[in-house]
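> Build me a structure from this.
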Amino acid sequence: MTPRELTQKKRLMVFSGRGNAELAAEISTCLQVPLGAVVLSSFANGELYCRYGESIRGSDVFVIQGHCPPINDRIIEQLIMIDAAKRASAKRITAVCPFYAYARQDRKAEGREPITARLLADLLTAAGCDRVVTVDLHTGQVQGFFDMPVDHLTAVPILAEHLGDAGGRAVTVVSPDAGGGKLAHRFVNQFAERGVDAEIAFIDKRRPKGTHNVAEAVEVVGEVAGRSCVLVDDIIDTAGTITAAADLLHARGASEVTVAATHGLLSGPAVDRLKNAPVREVVVTNTVPIPDDKRWDSLTVLSVAPIIAEALAAVFADSSVSEIFRGDNV
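Residues are numbered from 1 along each chain as shown. Model (predicted):
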């Protein structure tokens, strides 16, 4: 057989950074592909080091990294892993970012501010990334910051399946701000598929100018009195927005309040705020790791490993990712 007659077989390889090794292991199990060997360490001065422990030449490489504290170290580690894969002659490199950091800085809200979501996109491109897979971006238009394919997954089906047993109750899906209408509609559609008749309401939220983690819930637009309310958001950071909304719904006569969000960052006072809020259950996913000291009895953590694994398999096979979500992920 002459060299030009050789046919190359595709090879899928999955590697994990140190940001969310537990989720990466679950994804690996779902794919039935073992995690690849990679050495990751830190020098005494904080510089990061990476070396792949096996040949990745000609492979379809997926680099999974959770953008969790210390966030900037995790981002740099993923960039270094991508650069190392590029220099080791990987055929295609996909950055898997279950939580895409800096997505909230997607525009200039005031003068002299950066657009850091775009900066991170440029860094991934410069490192040698060919594709990005992420879950529930803060705003979908962040995809436009990339000059490469972005597979935008959603955890809404997983969250809605957990919450879908309404038991005949009157349900209202509540967005904590006017900008969350599309997310609320996704939940309503998912509930409808499960035979739950749900309505939509919005919170009129005000954020003082120049602040980042301060929010005031002013009024509810929609019917919530006597109804089971499901507060939905993409991120719970310090939980100021969610708890203010829960207090307002309780004051307006909601029979119970459940909180559902994809990314449970749970920074600073978030845990204490949610424990003391009039909330029956808080449901998040494991896009970022949640340590034991941030867990409590009414917190439920669901795994996004199955949907990420299914998407990675579709990317590897060059088949449609949007069909997994029937087009409801954009």
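> Who are the contact partners of the closest residue to Cys229 other than its chain neighbours?
Nearest non-adjacent residue to Cys229, counting by CB to CB, 6 or more residues apart in numbering: Ala254, 4.4 Å away. In short, each C-beta sits where N, CA and C put it, glycine included. Going by CB atoms under 8 Å, 6 or more residues apart in numbering, Ala254 touches 172, 224-229.
> now those residues: which count as buried?
Among those, those buried by neighbour count (16 or more other CB atoms under 10 Å) are 172, 224, 227-229.
> farthest pair in those residues?
Using CB to CB, the buried ones among the contacts of Ala254 reach their maximum pairwise distance at Val224 and Ser228, which is 9.4 Å.
> returning to what we had before: which ones among the contacts of Ala254 are found in strands?
Mapping the contacts of Ala254 onto strands (DSSP state E) picks out 172, 228-229.
> With distance to Arg273 and pLDDT as added columns, please give these in a markdown table.
As requested, the ones in strands among the contacts of Ala254 are exported to a markdown table (distance: CB to CB, whole Å; pLDDT from 0 to 100):
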| residue | distance to Arg273 | pLDDT |
| --- | --- | --- |
| Thr172 | 22 | 95 |
| Ser228 | 21 | 94 |
| Cys229 | 18 | 96 |
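> Dump the residues you listed to JSON lines, plus distance to Ala245.
Conversion of the ones in strands among the contacts of Ala254 to JSON lines gives the following (distance: CB to CB, whole Å):
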{"residue": "Thr172", "distance to Ala245": "12"}
{"residue": "Ser228", "distance to Ala245": "15"}
{"residue": "Cys229", "distance to Ala245": "9"}
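> which of the contacts of Ala254 lies closest to Ser267?
Closest approach to Ser267 among those (CB to CB): Cys229, at 24.1 Å.
> is it true that that closest one touches Gly253?
No - with contact defined as CB atoms under 8 Å, Cys229 and Gly253 do not form a contacting pair (10.0 Å).
> Quick check: end-to-end length of stretch 275-285?
From its first residue to its last, stretch 275-285 covers 18 Å (CA to CA, to the nearest Å).
> contact partners of that stretch?
135, 155, 158-159, 162-163, 231, 236, 239, 242-243, 246-247, 249-250, 256-264, 274, 290, 296, 298-304.
> mind redoing it with 7 Å?
Stretch 275-285 has contacts (CB atoms under 7 Å, 6 or more residues apart in numbering) with 155, 158-159, 162-163, 236, 243, 246-247, 250, 256-262, 264, 274, 296, 298-304.
> Restricted to helices, list these.
By the criterion of DSSP state H, membership of those in helices covers 158-159, 162-163, 243, 246-247, 250, 274.
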